[in-house]
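J.: Sharing a model prediction with you, sequence too.
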Amino acid sequence: MSHRLGQRTRRDANDGRLRRLWWSSLLPLLLSGCDSLLTKPTLYGSVTAQVTRRNGAPVSGARLVLYTGQRPMGYAVTDSNGSYTFLDVPEGVYGVLAVPPTGYAKVEDISASAPTDVIDKLTVLAQGKLDARFTFLKVGLGSVIAQVNEPDGTPVSQIAVTLYAPSGAVARGVTDAVGKFVFDGVPLGNYGVFAARPQIFLDSGETPLPSRAGLIVDEQSRETAAFVFARCTGSIAALVRDSTGRPVPGAILTFYTGSGKIGDAVVGTDGRRTFGSLLCADYGLRVQLPRGWTATEGRGVTFLDGLRVRRGSALTATLTVVRVGRAIVRVRILDQTDAAVPNARVVLYTGAGLARDVVTAADGTVSMDDILVNEEYGVRVVNPRGYLATEGRGNTFLDAIRLIDGEVRQLEFRFFKP
């Protein structure tokens, strides 16, 4: 009896061990199945928070809070890579709050900007992977570079630059030969730079102190305030015309500003002279007329002022003068037999001096065209070789000749051939 009882006891014990082994092997499967039935792990995703500086350097030790609505779902701290991943995040809409560690600041702490420590409306989907990226500033000293160039890249030196903060001016400097000035040792903050624009780069209505604002400085950062100063230039095309619109070649233009004369220039055969690359300012022109034109002193006739050159402007200034009338003087020289006297020298003169000096052709005549009518003339014939004449008015010369516009004056002289 006792033997059978012992056998039964041993058999029951073995059965118990088998049942425990069976349950121990089955329990994980059951639990796994229950978890699958109850929590559905395929409906989970992840959210990775990455915290860096503006230069991409990781920020470790930043505190993180994962939340949904008003309820925190997880807490963490970024590692040496500035990162942390929240795993097994159920489907839903979440947000991440990042708190900068000691020695760091948020951008909105020094600049009017939207919050940079919160990223919300992150929709987590099954097996989805979301990123939340944050940028913090490191407390320390940086630099601000003021750079001034012309549009073609030519540096502009000797430009006064001012570094300023919301509280006012911080430091001043002057650009060097490469158009640069560096403000070193600038503390964490929000800055701007003024650059004083010289007159040669300034048009009326433009600000003489252009600025570059919103320069965020943190440790070892190098912010650049770049200015492009284009020279303020324009042009003036000066036209000298007579009342019929014909050009007045040879007119001399004197170019000036309020501070004095700039220079003289002669107009071309088309009556035009263009002054290019003029600095923006007010200019004036005065004309000195060549012989054959006249004008009554006055604006628009002998001078023009108040010619304002603006950036890129192309002005046209027209001076309208009067063309002096022209006439023709024809001289014929004969001998006592009415034969032509060739190669006789004929001189046309005024009280101011010689006007023409010509010789007769084979037919004993000469025609002097385009003679101005606003002067009194005289004509003298020099005794040709082999001919004689009694010196006197009407014999060898005629004076007090007055011409009218369009006139053709015919003159005749006689010489005696021995």
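T.: Sure thing, it's come through.

J.: Neighbouring strands of the host helix or strand of residue 163 in the sheet, and parallel or not?
T.: Element membership for residue 163 (DSSP states H and E) is strand 160-165. Within its sheet, strand 160-165 is paired with strand 168-174 (antiparallel), strand 189-195 (antiparallel), according to DSSP bridges.

J.: wait, which of these is closest to residue 332?
T.: strand 189-195 (79.0 Å; C-beta to C-beta). Heads up, the C-betas are built off the backbone N, CA and C, glycines and all.

J.: Give the buried residues for the following helix or strand past the closest one.
T.: Counting by DSSP H and E, the element after strand 189-195 in chain order, helix or strand, is strand 211-217. For strand 211-217, burial by neighbour count (16 or more other C-beta atoms under 10 Å) applies to 212, 215-217.

J.: Direction included, what does strand 211-217 pair up with?
T.: strand 189-195 (antiparallel).

J.: Helix or strand, whichever it is, which one in the protein has the lowest mean pLDDT?
T.: When each helix and strand of the chain is scored by mean pLDDT, DSSP states H and E, helix 2-38 comes last, with a mean of 39.

J.: Could you check how far the helix or strand just after that one is from the centre of its chain?
T.: Per DSSP H and E, helix 2-38 leads on to strand 44-52 as the next helix or strand towards the C-terminus. How far strand 44-52 lies from its chain's middle: 46 Å, per C-alpha atoms, centre = their mean, to the nearest Å.

J.: Using PDB, write out the CA atom coordinates for strand 44-52.
T.: Provided in PDB are the C-alpha atoms of strand 44-52 (Å, rounded to 0.1, in the frame of the first residue of the first chain):
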ATOM      1  CA  TYR A  44       2.500  52.400 -32.000                       C
ATOM      2  CA  GLY A  45       5.000  54.800 -33.600                       C
ATOM      3  CA  SER A  46       8.000  56.900 -32.400                       C
ATOM      4  CA  VAL A  47       9.000  60.500 -32.000                       C
ATOM      5  CA  THR A  48      12.700  61.600 -32.200                       C
ATOM      6  CA  ALA A  49      13.700  64.900 -30.700                       C
ATOM      7  CA  GLN A  50      16.800  66.500 -32.100                       C
ATOM      8  CA  VAL A  51      18.300  69.600 -30.400                       C
ATOM      9  CA  THR A  52      21.200  71.500 -32.000                       C
END
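
J.: Look up the closest residue to the residue nearest to the spatial centre of the chain, ignoring the ones flanking it.
T.: Note on the chain: the residue nearest the mean C-alpha position is residue 230, at 4.7 Å, using C-alpha atoms, centre = their mean. The spatial neighbour of residue 230 that comes closest, neighbours along the chain excluded (C-beta to C-beta, 6 or more residues apart in numbering), is residue 151 at 5.2 Å.

J.: same check, this time on residue 348
T.: Nearest one to residue 348, counting by C-beta to C-beta, 6+ apart, is residue 356 at 3.9 Å.

J.: mind listing what the one you found touches?
T.: Residues near residue 356 by C-beta atoms under 8 Å, 6 or more residues apart in numbering: 346-348, 368, 371.

J.: List only those of those residues flagged as buried.
T.: 346, 348, 368, 371.

J.: got the domain boundaries for this structure?
T.: 1-33, 41-138, 141-228, 233-323, 326-415 (automatic domain parsing).

J.: Good, wrapping up.
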